[in-house]
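Participant: requesting a structural model of the entry that follows:
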Amino acid sequence: MWPERFLPVTNQGRQPWPKGGNVKLRSSVQTQNGWSRVRSVQDPEHMPQRLMFVQLKTGYDTDRGPSWIGWVDFSKTWSTAYFRGRTLRRSGKMFDANFHDVQTNEEFWVSGPKRDRTDSHYGPSNPEIEPDAVETYSAFLAGAPLPGRENG
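Facilitator: Predicted coordinates:
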């Protein structure tokens, strides 16, 4: 199974927010599997949310790290992503990643999902589909546009 730091975020008890971060909660969605998606945002009215492919790169051979299809919140400038209680900052100076965790410095690849399911660059990809994203992802695979990307 996944290391403890990748277990589902719940809104019970303490949250793994960045040190010193005064994060305002926007919403929490409880699902049938006990998952809870907590949206951490500074300004909830201006936070784009997108269905994304997210893969951990640090500590794994080329494209062999755990991956997910799930909802990611972005800052207004798209330079910061919030996923599973992590704050990921965009960085163009990494070899095979485009975001890094501000707390742990772990590297991630974050991109839109692909209909042909070839989301990772080189290795096999079997992403875990988050329960609250299953319906939207299934519709996307069947040909529907992604929410927020209806016009391209």
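Participant: what about the residue nearest to Asp119 when sequence neighbours are not counted, neighbour count?
Facilitator: In space, and not counting its chain neighbours, Asp119 is closest to Phe53: 4.2 Å by CB to CB, 6 or more residues apart in numbering. C-beta coordinates here come from the backbone N, C-alpha and C atoms, glycine included. When counting by other CB atoms under 10 Å, one arrives at 21 neighbours for Phe53.
Participant: same thing with the one 4 residues further on?
Facilitator: The local packing of Lys57 (other CB under 10 Å) involves 23 other residues.
Participant: roughly how far apart are it and Gly65?
Facilitator: From Lys57 across to Gly65, the span is 6 Å (CB to CB, to the nearest Å).
Participant: you'd agree the residue nearest to Asp119 is in a helix?
Facilitator: No - assigned with DSSP: H, G, I helix; E, B strand; the rest coil, Phe53 falls outside any helix and is strand.
Participant: and the gap between it and Pro113?
Facilitator: From Phe53 across to Pro113, the span is 5 Å (CB to CB).
Participant: now list whatever residues contact both of those two.
Facilitator: Counting by CB atoms under 8 Å, 6 or more residues apart in numbering, the shared contacts of Phe53 and Pro113 are Ile69, Asp119.
Participant: all strands for this structure, in order.
Facilitator: Assigned by DSSP state E, the strands in the chain fall at 24-30, 36-41, 49-56, 67-74, 80-83, 86-90, 99-101, 107-111, 128-129.
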